[in-house]
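Chemist: Need coordinates for the following:
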Amino acid sequence: MKTPKEFDYDLWKDETGRGFIRVKRTGEVCEVNDDTFRVLRNEAMAIYRNNKGVPVYGVENGKSVVVRYTTNLALYIEEGNEDIGADWNIDKTDLENEILTKLLIEDFCELLTDKQLDVLEQCLKKGMLPAEYAKEKGISKRAVGYTIEGIEKKAKKFFD
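Modeler: A predicted model of the protein is given here:
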């Protein structure tokens, strides 16, 4: 895989499916687990899309939508630096925050019960009303309310 020049490593998988990373500067090779490989691959692809001006997609209400278009944040190129190119001023910090937030949410979800995960997905992420969820599952509205309260209590402890 060809990575953008801003990246200082290469990623690949061998024939058995194990993920590896090679630091370009030192040539050091290391095996990485699937989660780390996925995060690094997603980051590489997002940077590639940013550099190519391709929209970045995400999921909202269960549908794939454009989350944001890549933009240059600086309004000018300093005099004498015209040869730098347009990519020098792209903000890459929001990508890091997105990845860290996603990982943090994944860690939080591991604390939830199956019932809480389902309510979180349907009501809090997809926007289904608790009354609709209760009717669909054949449970009381109050039971859904208690489940949401349990999620909120765990979230308060976890994120504080």
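Chemist: CA only for contacts and neighbour counts going forward, please
Modeler: Will do.
Chemist: Quick one: the helices in the chain, in order.
Modeler: Ranges of helices within the chain are 34-52, 93-109, 114-119, 130-137, 141-159, based on DSSP state H.
Chemist: tell me which residues in the last one are buried?
Modeler: Judged by neighbour count (16 or more other C-alpha atoms under 10 Å), helix 141-159 contains these buried residues: 141, 144, 147, 148, 151, 154, 155.
Chemist: Adding distance to residue 117 and pLDDT, write these out as CSV.
Modeler: Below are the buried residues of helix 141-159 laid out as CSV (distance: C-alpha to C-alpha, whole Å; pLDDT from 0 to 100):
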residue, distance to residue 117, pLDDT
141, 17, 91
144, 12, 91
147, 10, 92
148, 10, 90
151, 9, 90
154, 12, 90
155, 12, 87
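Chemist: Going by distance to residue 29, which of these wins?
Modeler: Relative to residue 29, the closest of these is residue 155; by C-alpha to C-alpha it sits at 38.0 Å.
Chemist: For the nearest residue to that closest one once chain neighbours are set aside, grab the count of nearby residues.
Modeler: Nearest-residue entry for residue 155: residue 108, 7.3 Å, with adjacent residues in sequence omitted and distances by C-alpha to C-alpha, 6 or more residues apart in numbering. Neighbour count of residue 108, defined by other C-alpha atoms under 10 Å: 15.
Chemist: Please report how far residue 35 lies from residue 20.
Modeler: Distance of residue 35 to residue 20, computed by C-alpha to C-alpha, to the nearest Å: 12 Å.
Chemist: Compare neighbour counts for the two and give me the winner.
Modeler: Taking neighbours as other C-alpha under 10 Å, residue 35 and residue 20 compare with residue 20 leading, 18 against 11.
Chemist: so who does that one touch?
Modeler: 11, 12, 13, 14, 29, 30, 31, 32, 37 (C-alpha atoms under 8 Å, 6 or more residues apart in numbering).
Chemist: Switch the residues you listed over to a markdown table, and while doing so, append neighbour count, pLDDT and distance to residue 43 to every line.
Modeler: Converted to a markdown table, the contacts of residue 20 look like this (neighbours: other C-alpha atoms under 10 Å; pLDDT from 0 to 100; distance: C-alpha to C-alpha, whole Å):
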| residue | neighbour count | pLDDT | distance to residue 43 |
| --- | --- | --- | --- |
| 11 | 20 | 86 | 11 |
| 12 | 15 | 89 | 14 |
| 13 | 14 | 90 | 16 |
| 14 | 8 | 90 | 20 |
| 29 | 14 | 90 | 19 |
| 30 | 11 | 89 | 18 |
| 31 | 15 | 91 | 18 |
| 32 | 15 | 89 | 15 |
| 37 | 19 | 87 | 10 |
